[in-house]
Each structure stands twice: as C-alpha cells, then as structure tokens.
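# quick one: sequence and predicted model below, then my questions.
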Amino acid sequence: MARPRPIEGLDAGQPYAEAAARIVAVRAAELAEHSRGVLDTGDIERVHDMRVASRRLRAALEIFEPCFPKRLFASALRDVKRVADALGERRDRDVAIVTLTEFGERMAMADRAGTASLVAELRREQADANEALAGLVTSEWLDGLSDRLGEVVAAAEGQA
C-alpha cells in the first residue's frame, strides 16, 4: 500500500485553515498521482492505492469542512465520493476474483468449473466497473477535480 506523503510545514501554532489548505493540497495531488495505470486489471494494487488516496482526501475535506465555502466544498466532496465509489466497485471485483481463483486452485479438478464460471462473471463485472471508472480517471476529469480542489484550497488559504 502506498504510504501517505508527509505534509510539509505543519505545526500546532498555525491557523486551522492554513493546515486545511496544506493537507487537502497534498492529498489531492496523491489522488492524481495514483490514477496512472489504475485501469490495468493486471495490477489490482493500483486501484487499491488510488482508493486509499481518495479516502484520505475525503477524510481531510470532511475534517476541515468549516474552512471551505459551502458551494465549493459540496462540489469537490461530491466528486471525490464519486471517484471513490467507482474505485470501490472495481476493487470489490478485483478482490473477489483473486480470492475465488485461489480457492478454485485448491479444489478438486472436477469442482473447478463452478468457481471458474463465477470468476468469469466477476471479470465481466470488473470490466463494467472499469468502464465506469475510466471516465473518472481521464486527464480532463482529474484536471477539473484538481481545479475545484484548488479553489477549495485557495479559499482556505484566504481565511488563514
């Protein structure tokens, strides 16, 4: 699992809104960084890392909600939740495929057809989830999210 980046320049004496701006900026950058290769179903850890990054970003937004204008906050949080949900749909299928595949390999040869058919269905669902995720990891969509999060950060910096 990808470790969170440290937040440079944080200290207990700084204004809450300044800390909010720094933390959200770093967590937003992490989300974008983890989007590279996330659609590759051969490396399911990329989805996991991006999902964790989305959860960290969501937590930061929610913790620091009082620092952000309601309209900007609501829009940014809605989009972070949207990408997190899509990542979760894909991740659920990834984990189920790995689990059932490993389970099937331990079964008697005559019984493997049942797990193989389940894995095939999960792969179809994985492809559907990947297709839904694809629109949320394009550079255009992520740039738009980054712009919205930048506005949230700027508003918090303005309060500090």
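Nice, I can see it. Numbers count the residues shown, from 1 in each chain.

# which element is the closest residue to residue 35 other than its chain neighbours on?
Leaving aside its sequence neighbours, residue 35 sits nearest to residue 137 (C-beta to C-beta, 6 or more residues apart in numbering; 4.6 Å). (Each C-beta comes from the backbone N, C-alpha and C, glycine too.) Counting by DSSP states H and E, no helix or strand carries residue 137.

# got it, and residue 23?
With DSSP H and E as criterion, residue 23 is part of helix 16-33.

# in that helix, what counts as buried?
The neighbour-count check on helix 16-33 (16 or more other C-beta atoms under 10 Å) flags 17-28, 30-32 as buried.

# wait, isn't residue 43 in contact with residue 37?
Yes: applying C-beta atoms under 8 Å, one finds residue 43 in contact with residue 37, separated by 6.5 Å.

# the residue nearest to residue 35 and residue 5: what is the separation?
20 Å (C-beta to C-beta, to the nearest Å).

# just how off-centre is the biggest helix by length in the chain within its chain?
Ordering each helix of the chain by length in residues (DSSP state H) puts helix 70-106 first. Distance, stretch centre to chain centre, for helix 70-106: 8 Å (C-alpha atoms, centre = their mean, to the nearest Å).

# and the residue nearest to residue 35, its phi and psi?
With angles defined as degrees, to the nearest 10, residue 137 sits at phi -120, psi 10.
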